[in-house]
Every structure is written in structure tokens, then in C-alpha cells.
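Colleague: here are the coordinates; sequence isn't available:
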């Protein structure tokens, strides 16, 4: 089974999001949309590895026809209209299948749309991370494929192959952005926090709250519940509660199985929120 979790820079125009989702066909498992991030995450997968690969291309064609990054405003960092395209091989599919799919997509998007590509993860010969790609793109790093400058409407795209990860947000019961940033710094690995945790503190103007937005990239070392509990512990120490926990997209069934029933109930991560359950 091959999964592809495409992040696009559109989270506000419902008709546009619906049209992009419809282009994916039966490989589409989930659409998560955030108006403050101005971003949608579309999860694609199928038993045949070509299912996700085809859907990713069809999705990209629809985005190219509809979006213009030059007028985009949102709180989430971004490189392009189709911003991130990671391929994930789920057991028993070999990891090399995801690498091959990522590199094929990268070559295709350059040829089809003239969009520069930054490779990351297992698809990158240097194994650079997605945060490194965002930080260095067009500054100290030239694109791996395609034009040297961003496409005027579509920007650039980060294309990778990686193990499964979980994207999850903890929303504070306050709009204190500085507190969210302090907690994000305390839990993320690069600043001495939890293994495999990447985190940002973000403002959510439409909801009137702040948020700790996390990617858990080493689930065998730091699980979903552990990461969220640590964020909550730090917030409570500052006298602030959690308003809600928000899963972005889907989770691997094994990661969900590690969570306690109480956490699953309060986070709303039901049995239908795993990739395996949606594919069937």
C-alpha cells in the first residue's frame, strides 16, 4: 500500500477545495481543511501503488488550473500552491516504492507544470529534512529539479519519501501566541524536547486562540498521546488549559493502538481515522 499526503495552499474557498478533492477519484481517503492555516491536507492511498501516484498528479493538475500563490495569505509556512508531496510505503510495501514514486512525481511536475522541486527525506540523496528544505529553498539551496526560480503562480514544491508520521494540533484555551511558541520550543526535538517532535506555535485569528502544531516523525519514540500530554502538562503549569486536540489527516493504525481509550475519546481519534481502516 502506498500513501501520499498532499498539502495544498488553499483552505478557505470550499468550491475550489471540493473541485480539487473530486479530481483525486477513489484514492482520496480524507480532506482536512484549516482556514487560519489557509491549507488543506488530502490523504491519498490504494492497494496498488499507482493509485496514489495517479491521484497526486490529477490533484496537481487541478491545483495548477485554479490556485495562484501570489495572493495567498496564511499562518502556515509554504513553498508553493502544491506545497508538500510526501509518499509513504505502508507495510508490507517496500520503502523503495515510495522513493521511486516520489522521484517520478518530481520529474513529472517539472515537465508538466514547470514547478521547481526540492527533494527531502528518503527521496533526497542527501536525506535533508522538510524543515531544512523550507529554510534553505532559494536561499542557500537551489532546486533539485526544474527552474532556478519559483513559478510565478505555483511557487515550488517539496517532494519526499518518508515513514508514516502524525500531524496533530493542540489548541490553547487562550490567544497567547508567545505561550504557544514557548511550549512548542520546549517539546520539539531540535531544542532539547521530545524525540522526533517538530513543533510550531501559531495564531488562529478566526478561532481567537493560539495553537501548538506538531509533526511526530518518529512514532516509535514519541507517540501521539505522549506528545499531546507533554504539551498539556506545560500549558497547565502556565495556568492555561487545552481547548481541543485536532488530528490533521489520518494516522497509522499501529500509532492509534498505542493510545489509551480516554485519550482517544477526548481527542476524537476514532477507529475510522486510520489509513488502513479507510482503504479497507
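Modeller: Yep, that arrived. Note that the structure is predicted; figures quoted are calculated from it, not measured.

Colleague: list the buried residues of stretch 7-23.
Modeller: By neighbour count, and taking 16 or more other C-beta atoms under 10 Å as the criterion, the buried residues in stretch 7-23 are 7-12, 16-17, 20-21, 23. To be clear about C-beta, it is placed using only N, CA and C from the backbone, and glycine gets the same treatment.

Colleague: typo on my end, it should be stretch 240-260
Modeller: For stretch 240-260, the buried set under the neighbour-count rule, 16+ other C-beta under 10 Å, comprises 240, 242-243, 245-252, 255-256, 259.

Colleague: any low-confidence regions in the chain?
Modeller: Where the chain drops to pLDDT under 70, the residues are 72-76, 280.

Colleague: the residue in it sticking out farthest from the centre sits in which helix or strand?
Modeller: Most distant from the centre of the chain: residue 239, at 29.9 Å, with distances by C-alpha atoms, centre = their mean. Per DSSP states H and E, residue 239 falls between elements, in no helix or strand.

Colleague: from the buried residues of stretch 7-23, which land in strands?
Modeller: Restricting those to those inside strands, with DSSP state E as the criterion, leaves 7-8.

Colleague: which of the buried residues of stretch 7-23 lies closest to residue 138?
Modeller: Distance to residue 138, by C-beta to C-beta, is smallest for residue 9 among these, at 16.4 Å.

Colleague: against residue 20, how distant is that closest one?
Modeller: 11 Å (C-beta to C-beta, to the nearest Å).

Colleague: ok, now residue 248?
Modeller: Relative to residue 20, and taking C-beta to C-beta, residue 248 is found at 17 Å.

Colleague: cool, and residue 254?
Modeller: Spatial separation of residue 254 from residue 20 under the definition C-beta to C-beta is 30 Å.

Colleague: re the thing from before, closest to residue 161 among the buried residues of stretch 240-260?
Modeller: Ranking the buried residues of stretch 240-260 by separation from residue 161, with C-beta to C-beta as the measure, puts residue 252 on top at 15.7 Å.

Colleague: chain neighbours aside, what residue packs nearest to the closest one?
Modeller: Nearest-residue entry for residue 252: residue 164, 4.4 Å, with adjacent residues in sequence omitted and distances by C-beta to C-beta, 6 or more residues apart in numbering.

Colleague: and for that neighbour, the neighbour number?
Modeller: Residues near residue 164, counting by other C-beta atoms under 10 Å, number 21.
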